[in-house]
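> pasting the sequence and the predicted model now:
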Amino acid sequence: MKTSVPLCIDLDGTLLNSDLLLESAFTQFKETPLSALHWPRWLAEGKANLKAKIAERVELDIATLPYNTKLLAFLRVQKAQGRRLVLVTASHRKFAEPIAKHLGLFDEVLATGSGCNLAGIHKAEVLVERYGEHGFDYAGNAAVDVAVWRHARRAIVVNAGSSVIKQASAVCEIEQIFNSNKKSWQHWVKALRLYQWLKNGLIFVPLGAGHAWDQPDKLLLALLAFLSFGLCASSVYLLNDLLDLSADRCHPRKCHRPFAAGKLPIAQGIAAIPLLLITAFGLSLLINPGFTATLTAYYVFTLAYSLRLKQVLMLDAIVLAGLYTLRIIAGAVAVHIVPSFWLLAFSMFLFLSLALIKRYAELLTLQERGELSARGRGYHVDDLGVLQSLGGAAGYLAVLVLALYINSETSRMLYGQPMVIWLLCPALLYWISRAWLVTHRGEMHDDPILFALTDSHSRYVLLACVLIFLGAMPK
């Protein structure tokens, strides 16, 4: 049934499960980190000026943005019935107009320009001036929209909490409510990558290598270090996701990440990052200053990796290998055990091989999709053969380091039967070779370390390695 009352729709958080100011700010920050120094000055001249300055310097992929599919379906029905639809948003016109053109639903676009920030009371004034008091319906999502609903005929409330719904019902008749039913805690579990904390199990390696499992004080320190590293890593994962929104949305699997898919508000991610960091470094202070310094180095390198280094050909893989090795160093520092040269050399070569497996798997996926290069990376699908050669060589070098260690004075001091450790060499040769074959066949869909924990063959190899170490009779 056709109605002559226009329906005005908000963009950020309503039609779009995201915030374009925050998205564009992260995009600019990723491209030119020092640009953030200008934001306070731009904001001092008004929020509209800040939006305009950032919009001038940033391009967004309009087609891949996380649109509210349920609301879009409702709007298409309204459009088919001949209703006038107006996109009215506080986002900058540079983004709003291409979005309206892409969707093909709107008769008019009202957006923030270089003057007034079209939000709250300012948005209400513009709509009342155009359509009269209670002469329009309005779809919004936040408390700031109550100022608009107060002058609207009816309200459509989208992705809002109970408090906003209550405020909207107090000033306006609610026509419909669109809310996501899935609980946000499930998205937070995914966003924090709690399963990735398994990688931090490397912190316990020095305890095992130093035969100190039976010392409760050292075990407690290692557990605190594990928790501290996990919280720090989760903060980095959140930051990385916010910096990679556009690239993730073009990836077949990463597009389902909570922030890229619009399942979690970007503002909540921004708030969570410092909270996780403060907690992580607070725990580190309970361990010792050396561990805090190591955690700081880890954070600096991961931040550099997220902002720039992961875009540099091969350097990204070397940095990844170094970050894995840094976990072992952190574990050693936490429990006051000096890591051996053999352990660090072995881990660096092994994790370089695994890092190259990860890049190889990503490029193979792109090749299958007919794409030529990885977006935001320095790799091309033609590099597949070279990466396979380099990765296999790095893995075999790790086995060579292990073989040399077995013949060293260090192993004879730590094990009653060090020659038994030779059995680790064929076990690792098998596992590394199989991991690369699985990757080459396109069956490596996860991080290789997580793959090792879920793959049955890998678990058998791990069990065999434990039995071999026990058979070597640690002293």
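Happy to help now that I have it.
> please enumerate the helices of the stretch 201-350 of the chain.
Assigned by DSSP state H, counting those that start in this stretch, the helices in the stretch 201-350 of the chain fall at 205-209, 216-243, 245-249, 266-285, 289-307, 315-334, 341-368.
> tabulate the ones you listed (TSV), appending mean neighbour count, distance to Arg377 and mean pLDDT.
Heads up, the C-betas are built off the backbone N, CA and C, glycines and all. Output for the helices of the stretch 201-350 of the chain, formatted as TSV (neighbours: other CB atoms under 10 Å; distance: least, CB to CB, whole Å; pLDDT from 0 to 100):
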stretch	mean neighbour count	distance to Arg377	mean pLDDT
helix 205-209	19	29	86
helix 216-243	21	13	94
helix 245-249	21	9	89
helix 266-285	17	23	96
helix 289-307	18	12	93
helix 315-334	22	7	94
helix 341-368	21	8	91
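> want to throw these into TSV with distance to Val58?
TSV is the format used below for the helices of the stretch 201-350 of the chain (distance: least, CB to CB, whole Å):
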stretch	distance to Val58
helix 205-209	43
helix 216-243	13
helix 245-249	10
helix 266-285	15
helix 289-307	16
helix 315-334	24
helix 341-368	25
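> what distance do you get for Gly331 to Gly46?
Computed with CB to CB, to the nearest Å, the distance linking Gly331 and Gly46 is 50 Å.
> for the helix or strand of the chain with the lowest mean pLDDT, buried residues please.
With mean pLDDT, DSSP states H and E as the measure, the helix or strand of the chain carrying the lowest mean pLDDT is helix 448-454 (a mean of 80). Neighbour-count burial for helix 448-454, counted by 16 or more other CB atoms under 10 Å, picks out Pro448, Ile449, Phe451, Ala452.
> let me know the pLDDT of the nearest residue to Leu423 once chain neighbours are set aside.
Closest residue to Leu423 apart from its sequence neighbours, by CB to CB, 6 or more residues apart in numbering: Ile468 at 4.8 Å. Among the per-residue scores, Ile468 holds a pLDDT of 92.
> before we move on, what about Asp446?
66.
> and whichever strand or helix holds Tyr396, what other elements does it pack with?
For Tyr396, the host element (DSSP states H and E) is helix 384-406. Here helix 384-406 touches helix 341-368, helix 424-440, going by 3 or more CB pairs under 8 Å, 6 or more residues apart in numbering; DSSP states H and E.
> using CSV, list the CA coordinates for the shortest one.
Right, the one you point to is helix 424-440. Taking Å, rounded to 0.1, in the frame of the first residue of the first chain, the C-alpha atoms of helix 424-440 are listed here in CSV:
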residue,chain,number,x,y,z
LEU,A,424,63.0,-36.7,16.0
CYS,A,425,64.7,-35.9,12.7
PRO,A,426,62.7,-38.3,10.6
ALA,A,427,59.5,-37.4,12.5
LEU,A,428,60.0,-33.7,11.7
LEU,A,429,61.0,-34.4,8.1
TYR,A,430,57.8,-36.3,7.7
TRP,A,431,55.7,-33.6,9.3
ILE,A,432,57.2,-30.6,7.4
SER,A,433,57.1,-32.5,4.1
ARG,A,434,53.4,-33.5,4.6
ALA,A,435,52.5,-29.9,5.7
TRP,A,436,53.8,-28.6,2.4
LEU,A,437,52.1,-31.3,0.4
VAL,A,438,48.8,-30.6,2.1
THR,A,439,49.3,-26.9,1.4
HIS,A,440,50.2,-27.5,-2.3
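> quick check: angle from it to helix 384-406?
For helix 424-440 against helix 384-406, the angle by axes from the mean of the first three to the mean of the last three CA atoms, to 10 degrees is 170 degrees.
> tell me the angle of helix 424-440 relative to helix 341-368?
Going by the same axes, to 10 degrees, helix 424-440 makes 20 degrees with helix 341-368.
> average model confidence for helix 424-440?
When pLDDT is averaged over helix 424-440, the result is 95.
> what's in contact with it?
Outside helix 424-440, the residues that touch it by CB atoms under 8 Å, 6 or more residues apart in numbering are 350, 353-354, 357, 360-361, 364, 388, 391-392, 395-396, 398-399, 402-403, 444, 448, 451-452, 455, 457-458, 461, 464-465, 468-469.
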